[in-house]
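S.K.: fold the following for me, if possible:
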Amino acid sequence: MSDECIFCQLLDNPEQTLTVHETDDFRAWLDINPRAKGHTMIVSKEHLKSAEEVGEKLVDMFEVARIVGEKAMNGLGADGYSIVVNNGEAAGQMLDHFYMIVFPRFSDDERAGTPTGAIFGPEEDLDQEDLKAFQESMESADYKEYKGETPPPPLDRDYSVEEEKGSKESEKTFKDLRRGSAEFR
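M.R.: Numbering: from 1, shown residues only. Coordinates of the predicted model:
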């Protein structure tokens, strides 16, 4: 646990949270500045910074989210729920402690039916060739399989670089692809 992390401080002082569900590895509590009735934070009891660090326990974290969502439906009368995961600062992760958010959704809410992904407008300047280039780059990209005690990859790793036989070869980054690099046209 980190002394400076607000989530770690709350985990050490459970009386300061309004806990709605807890397991050996995760605690789910109501957000003190809710954006929806029943807005719940799901936090790892271990100070883990990313989904990559959570690793295989991510499945358990999603199970906690499902339970919290079902409790919102049965306890608050929610008609559904959204599970939100922001992994990394660019994705909107606001703290250096990985978390999930459950937003109960209600049919009579003016936002009912609006998917959380609606915050991203369509990329109208992308065509099938762009999508094919993205698919090829992502399909062949390196990733780490997690088995038990395998340490997570370093957080500062440049995932746009692929390791091949001990040497690194540069691959096109998403920004290159978005800019319409001549090699992808």
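S.K.: and stretch 21-36, average pLDDT?
M.R.: Here stretch 21-36 scores 91 as its mean pLDDT.
S.K.: over to stretch 53-71?
M.R.: 94.
S.K.: can you check stretch 87-97 too?
M.R.: 90.
S.K.: show me how far it is from its chain's centre.
M.R.: 8 Å (Cα atoms, centre = their mean, to the nearest Å).
S.K.: span of it from start to end?
M.R.: Length of stretch 87-97, first residue to last, Cα to Cα, to the nearest Å: 10 Å.
S.K.: and stretch 21-28, by the same measure?
M.R.: Using Cα to Cα, first and last residues of stretch 21-28 are 5 Å apart.
S.K.: which outside residues touch stretch 21-38?
M.R.: 10-11, 14, 17-20, 39-46, 57, 60-61, 64-65, 67-68, 71-72, 75-76, 78, 101-106, 109 (Cβ atoms under 8 Å, 6 or more residues apart in numbering). Glycine gets a C-beta too; all of them are placed from N, C-alpha and C.
S.K.: just the buried residues out of the residues you listed, in ChimeraX syntax.
M.R.: Buried subset of the contacts of stretch 21-38, written as a ChimeraX selection, criterion 16 or more other Cβ atoms under 10 Å:
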select :10,11,17,20,39,40,41,42,43,44,45,57,61,64,65,67,68,71,72,78,101,102,103,104,105,106
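S.K.: okay, and which of the contacts of stretch 21-38 map to strands?
M.R.: 19, 20, 40, 41, 42, 43, 44, 101, 102, 103, 104, 105 (DSSP state E).
S.K.: ok, the second one touching residue 71?
M.R.: Spelled out, that is residue 20. Yes. In this structure, residue 20 is within contact of residue 71 by Cβ atoms under 8 Å, at 6.1 Å.
S.K.: quick one: distance of stretch 130-137 to the chain centre.
M.R.: 22 Å.
S.K.: and the closest residue in space to residue 83 that isn't next to it in sequence, what does it touch?
M.R.: Excluding the flanking residues, the one nearest residue 83 by Cβ to Cβ, 6 or more residues apart in numbering is residue 65, at 4.6 Å. The neighbourhood of residue 65, defined by Cβ under 8 Å, 6+ apart, consists of 28, 42, 83, 100, 102.
S.K.: and these, which two are furthest apart?
M.R.: Between all members of the contacts of residue 65, the longest pairwise span (Cβ to Cβ) is found for 28 and 83 and amounts to 11.5 Å.
S.K.: what's the angle between the longest helix along the chain and strand 40-44?
M.R.: Looking across the chain with DSSP state H, the single longest helix is helix 58-76. Interaxial angle of helix 58-76 relative to strand 40-44 (axes from the mean of the first three to the mean of the last three Cα atoms, to 10 degrees): 150 degrees.
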